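[1] What follows is a protein structure lacking sequence information:
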């Protein structure tokens with residue numbers, strides 16, 4: 001029987017992107033039922049005391065997250081493919097980290113076209129039409145870990161954690177072995193947290 005895995009992501013986050021590429025590699029080597037669910041760093045950081053330049057990036061991040069919420073509602077089977085398409089533009093072509101509202105409009109349109117989704121999905125990026133739905137998806141991830149958490153949130157069966165945060169990922173069977181270890185920790189009812197100093201950013 002496939003192991004159920006839920007993965008909450010904000011496409012703008014380079015750490016979530018790297019972890020998502022790991023879980024996609026795991027999909028080749030383990031029987032998992034993988035679901036990608038949008039969350040929002042913009043929602044997470046609302047009213048937070050954050051640096052001004054980071055606040056500008058949070059303005060930009062609304063657009064893609066809103067589009068993912070609409071796609072999740074209407075064509076959930078395309079979220080995975082769209083995440084890959086948009087994430088590749090952002091994180092392999094050095095297009096992430098933009099500032100101010102509407103900064104990702106052209107990238108959104110390009111990614112939608114690449115996966116065969118109607119261009120009308122881009123229309124919600126700069127409106128509040130999808131905000132209630134996006135907040136609901138976001139809150140489901142927060143509820144799963146029980147407190148405010150960034151991205152990624154990964155749930156294995158009934159147990160969710162913020163992370164794993166990785167800057168590189170193994171390929172082949174080793175990716176599956178890392179997943180096995182994560183799933184074992186997740187299943188232990190008295191495991192809550194593990195953390196250490198991070199000495200590098202995600203690597204291409």
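    Yep, it's here. All figures in this text were calculated on a predicted structure; none of them were measured in a lab.

[2] In this structure residue 113 contacts residue 119, no?
    Yes. Under the criterion of Cβ atoms under 8 Å, residue 113 lies in contact with residue 119, with a separation of 7.0 Å. Where you see a C-beta, it was placed from the backbone N, CA and C, and this is true even at glycine.

[3] of those two, who's got more company?
    Neighbour tally, residue 113 and residue 119, criterion other Cβ atoms under 10 Å: the higher count belongs to residue 113, 13 against 10.

[4] Surely the more buried one forms part of a strand?
    No. If the criterion is DSSP: H, G, I helix; E, B strand; the rest coil, then residue 113 is helix and not within a strand.

[5] residues touching it, list them.
    Shown in contact with residue 113 (Cβ atoms under 8 Å, 6 or more residues apart in numbering): residue 119.

[6] buried set for the helix ranked longest in the chain?
    Criterion DSSP state H: the longest helix present in the chain is helix 52-74. Burial within helix 52-74, assessed by neighbour count using 16 or more other Cβ atoms under 10 Å, is assigned to 57-58, 60-72.

[7] Could you do stretch 1-12 as well?
    Buried residues in stretch 1-12, counting neighbours by 16+ other Cβ under 10 Å, are found at 5, 6, 7, 8, 9, 10, 11, 12.

[8] Residue 124 touches residue 68, doesn't it?
    No. Residue 124 sits out of contact with residue 68 when judged by Cβ under 8 Å, with a separation of 10.0 Å.

[9] Output the contacting helices and strands for the helix or strand where residue 36 lies.
    With the criterion set as DSSP states H and E, the secondary-structure element containing residue 36 is strand 32-38. Under the contact criterion of 3 or more Cβ pairs under 8 Å, 6 or more residues apart in numbering; DSSP states H and E, strand 32-38 touches strand 3-9, helix 14-29, helix 52-74, helix 79-92, helix 131-145.

[10] Give the next helix or strand downstream of that strand.
    On the C-terminal side of strand 32-38, the closest following helix or strand by DSSP H and E is helix 41-44.

[11] starting at the chain centroid, how far to that following helix?
    Here the centre of mass of C-alpha atoms in helix 41-44, compared against the chain's by Cα atoms, centre = their mean, to the nearest Å, lies 12 Å away.

[12] what packs against it?
    Counting by 3+ Cβ pairs under 8 Å, 6+ apart, the packing neighbours recorded for helix 41-44 are helix 52-74, helix 131-145.

[13] now the ones you listed as a markdown table including distance to residue 107?
    Below are these laid out as a markdown table (distance: least, Cβ to Cβ, whole Å):
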| stretch | distance to residue 107 |
| --- | --- |
| helix 52-74 | 8 |
| helix 131-145 | 18 |
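
[14] about what we covered before: now distance to residue 42 and mean pLDDT too, for the helices and strands packed on strand 32-38, in CSV please.
    Written out in CSV, the entries for the helices and strands packed on strand 32-38 read as follows (distance: least, Cβ to Cβ, whole Å; pLDDT from 0 to 100):
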stretch, distance to residue 42, mean pLDDT
strand 3-9, 13, 98
helix 14-29, 14, 97
helix 52-74, 5, 97
helix 79-92, 15, 98
helix 131-145, 9, 97
